[in-house]
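[1] After the sequence you'll find the predicted model.
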Amino acid sequence: MMKKVLVPLAVLVVLVVAGYLVVDQFRLRHRQATELLQGEEYYTCPMHPSVRSDRPGACPVCGMALVKKSSLAGKDTTGAAGLTDVSLSPVQRVMANISTVPVVRSVITRTIDAVGVVSFAEPLQATVAARFRGRIGRLHVSYTGQRVEKGKPLFELYSPDLITSEREYLLARQRTTDSSALTADINGQMLASVEERLRIHFGLTLDQIRDLASRGTVRESLTFYSPIAGTVLEKTVQEGIYVDEGTVLYKLADLSTVWILLDVYEQDLRFIRSGADVVVRSDTYPGELFTAKVTFINPVVNQETRTTQVRLEAPNLHGKLKPNMYVHGSIQLVTKDALVVPRPAVLSTGKQSVAWIEVAKNRFEPREVITGITTATQIEIVEGLSEGDLVAASGGYLIDSESSLSFPPGPRTGPATKRLHTPALGGDGASKRKAMEVRIDVDYGYDPEVIRVKAGIPVRLLFIRHENSECSREVVFKDLNIRRELPTGKLVAVEFTPTSTGEIGFECGMGMLRGKIIVE
């Protein structure tokens, strides 16, 4: 009995001791990294960096209070200089709870929800205007909202000009019948000319012209018919009024099919394709779903809301979807052959997404990845991983910390870390050129203060602030109308494309720190 108790107790003691060893190792490496980044402290003036003292006091030049600095303050302590491979012992792996899963191909589904409004389908609208001057005789459609069928009468229009043309037609027809062989050709041309004027200018149909010929007498008014089946949106005439040529009399719309304009945020646009099915809901009909399809994506983003209108086409046979009605749309995104990993396997550093791959037993390597559709539990990998790679599904943050503590970054000697790709900046021509990327350290001044660039080449400035003075809290480009907050220890990007040679100045929010960009 005593042996049965002692064996589990011994195992527990071993695990506890191993845990303490792992924690002590992490603390030791953190302390070593901290000591490495510490240096000799001294005091200097924010406005006159050449003034240095080993004790606090006032600047002999301007009288400002001296501030404490470190001789190694130029070290980058943000961990943004990159990550390295990490090797763990079996005990470290167990204590850090690191597990791996393979990258697999699977179906991944995500839903984009957006709000929108019902609108008229523009191709299904029609405007009825007066083709010639005259007086409205009788209105067959007399109020707004009335339903009309295609080919049904709308109104009758009396015109002396029409009566004259009808008489000319009957006379020309009679001459054609009574003419000899010598004049038949001329009379036939006159008849065709008058018939064409009745059809094109006055709008008579072929049936109305045949009726005029068979009847042999003119009518004082002409009946006009609806060009589409739909609903009267607007009626601007009354019986008995005179109208001029081109006066709009009716506006009609076929509401059997409607458009739905959804406002979709710009970060979701890359997932939406024309022809995608959309489920539409309205608070007017709780629990009822309508179907629609994506037919058009507006090429312009709204500058204020950062959204783009996505146009849907929806059948509306029962007329429940009414123009200007608010609706909710759900766009279902399905990728059938996607590379998928658990969502915790991808770590975001702010500038990039990283996954840790087990390349050998207990040895992990960082990989930059480009992600696609993201759900509550999974994330699609567009670029950076291959099927079968073993990724750290848990414990990735501990691996990341171990990499940073084991290999602290060196001095700030150049631009920021390598990127997967350079973002498109400026116009079409500028987007084909690689952007010039410059890192600027803000430490009671700008380092470097002078930057030389080329006109027409995109520029990406990466500001990182290492101190907490109020004057350096912002950076301002007055000529470019750009203002950026600079949080301490975080990289902030300013992107633009200079179009002409000259100088572009930048300064802190209080105008005390200054730098300039020379465009050549």
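    Happy to help now that I have it.
[2] Identify the residues contacting Ala392.
    Under the criterion of Cβ atoms under 8 Å, 6 or more residues apart in numbering, the contact list for Ala392 reads Ile98, Ser99, Thr100, Ala345, Ala355, Trp356, Ile357, Glu358, Phe364, Ile399. (Glycine included, C-beta is placed from N, CA and C.)
[3] In which helix or strand does the closest residue to it other than its chain neighbours reside?
    The shortest distance from Ala392 to any non-neighbouring residue, by Cβ to Cβ, 6 or more residues apart in numbering, is to Trp356 (4.2 Å). Element membership for Trp356 (DSSP states H and E) is strand 353-360.
[4] tell me what that strand is packed against?
    Applying 3 or more Cβ pairs under 8 Å, 6 or more residues apart in numbering; DSSP states H and E, one finds that strand 353-360 contacts strand 346-348, strand 363-374, strand 390-394, helix 396-406.
[5] Pull out the buried positions in the shortest one.
    Yep, that's strand 346-348 we're talking about. Of the residues in strand 346-348, those buried by neighbour count under the rule 16 or more other Cβ atoms under 10 Å are Val346, Leu347.
[6] just stretch 438-451 next, same as before
    Applying a neighbour-count criterion of 16+ other Cβ under 10 Å, the buried positions in stretch 438-451 are Val438, Arg439, Ile440, Asp441, Val442, Asp443, Tyr444, Gly445, Tyr446, Ile451.
[7] so how far is the first residue of it from its last?
    Start-to-end span of stretch 438-451 (Cα to Cα, to the nearest Å) is 8 Å.
[8] can you check stretch 471-489 too?
    Across its full length, stretch 471-489 reaches 16 Å between end residues, using Cα to Cα.
[9] Same list, the contacts of Ala392, but as JSON lines with neighbour count and distance to Thr217 please.
    Rendered in JSON lines, the data for these read as follows (neighbours: other Cβ atoms under 10 Å; distance: Cβ to Cβ, whole Å):
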{"residue": "Ile98", "neighbour count": "20", "distance to Thr217": "99"}
{"residue": "Ser99", "neighbour count": "14", "distance to Thr217": "96"}
{"residue": "Thr100", "neighbour count": "17", "distance to Thr217": "95"}
{"residue": "Ala345", "neighbour count": "25", "distance to Thr217": "88"}
{"residue": "Ala355", "neighbour count": "25", "distance to Thr217": "88"}
{"residue": "Trp356", "neighbour count": "28", "distance to Thr217": "94"}
{"residue": "Ile357", "neighbour count": "21", "distance to Thr217": "93"}
{"residue": "Glu358", "neighbour count": "18", "distance to Thr217": "97"}
{"residue": "Phe364", "neighbour count": "28", "distance to Thr217": "98"}
{"residue": "Ile399", "neighbour count": "25", "distance to Thr217": "98"}
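[10] what's the lowest-pLDDT member of the residues you listed?
    In terms of pLDDT, the least confident member of the contacts of Ala392 is Ile399, at 69.
[11] what sits against the residue nearest to Phe120 when sequence neighbours are not counted?
    Residue nearest to Phe120 in three dimensions, not counting chain neighbours: Ala253, with 5.0 Å by Cβ to Cβ, 6+ apart. Residues in contact with Ala253, defined by Cβ under 8 Å, 6+ apart, are Phe120, Ala121, Leu124, Gln125, Ala126, Gly230, Thr231, Leu233.
[12] what's the closest of the residues you listed to Gln378?
    The shortest gap between Gln378 and any of the contacts of Ala253 belongs to Ala121, at 37.6 Å (Cβ to Cβ).
[13] Does the closest one touch Gly230 like I think?
    No: assessed by Cβ atoms under 8 Å, Ala121 is found out of contact with Gly230, at 10.3 Å.
[14] Need the residues touching each of those two.
    By the contact definition Cβ under 8 Å, 6+ apart, Ala121 and Gly230 are jointly contacted by Ala253, Asp254.
[15] okay, which residue is most central for the chain?
    Nearest to the geometric centre of the chain sits Glu266, at 1.4 Å (Cα atoms, centre = their mean).
[16] List the contacts of that residue.
    Glu266 is in contact with Val301, Arg306, Thr307, Thr308, counting by Cβ under 8 Å, 6+ apart.
[17] go with 10 Å
    If a contact means Cβ atoms under 10 Å, 6 or more residues apart in numbering, then Glu266 has Val301, Asn302, Thr305, Arg306, Thr307, Thr308 as its contacts.
[18] Likewise for Ser165?
    Contact criterion Cβ under 10 Å, 6+ apart gives Phe132, Ser159, Val194, Glu195, Arg197, Leu198, His201, Phe202, Leu204, Val218 as the residues in contact with Ser165.
[19] mind pulling up the phi and psi values for it?
    Ser165 has phi and psi values of phi -70, psi -40 when expressed as degrees, to the nearest 10.
[20] Show the model's pLDDT score for it.
    Confidence per residue is given as pLDDT, and for Ser165 that number is 80.
[21] for Gln38, same thing?
    Among the per-residue scores, Gln38 shows a pLDDT of 45.
[22] Check the one 3 residues further on too.
    Model confidence at Glu41, given as pLDDT, is 68.
[23] Of the contacts of Ala253, which belong to strands?
    Phe120, Gln125, Ala126, Gly230, Thr231, Leu233 (DSSP state E).
[24] what's the following helix or strand after the least confident helix or strand in the chain by mean pLDDT?
    Across the helices and strands of the chain, the lowest-confidence element by mean pLDDT, DSSP states H and E is helix 428-431, at a mean of 41. Moving toward the C-terminus from helix 428-431, the first helix or strand encountered (DSSP H and E) is strand 436-442.
[25] Point out where this structure drops to low pLDDT.
    Applying pLDDT under 70 to the chain flags residues 1-42, 46-50, 61-65, 67-84, 178-185, 187, 349-351, 396-434.
[26] Which residue ranges make up each domain of it?
    Residue ranges for the domains of the chain, per automatic domain parsing: 2-76, 93-111+336-406, 122-253, 428-519.
[27] Indicate which one of those is closest to Arg273.
    Minimum separation from Arg273 across these (Cβ to Cβ) falls at domain 93-111+336-406, 12.6 Å.
[28] what lines up beside the helix or strand harbouring Ile504 in the sheet?
    Counting by DSSP H and E, the element that carries Ile504 is strand 502-508. Sheet neighbours of strand 502-508, with direction, are listed as strand 474-477 (antiparallel), strand 514-519 (antiparallel) (DSSP bridges).
[29] Buried deepest among those strands, which one?
    strand 474-477 (a mean of 18; mean count of other Cβ atoms under 10 Å).
[30] then that strand to PDB, C-alphas only?
    Extracted in PDB, the C-alpha atoms of strand 474-477 (Å, rounded to 0.1, in the frame of the first residue of the first chain):
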ATOM      1  CA  GLU A 474       2.000  63.300 -32.900                       C
ATOM      2  CA  VAL A 475       3.700  63.700 -36.300                       C
ATOM      3  CA  VAL A 476       2.200  66.200 -38.800                       C
ATOM      4  CA  PHE A 477       2.800  66.600 -42.500                       C
END
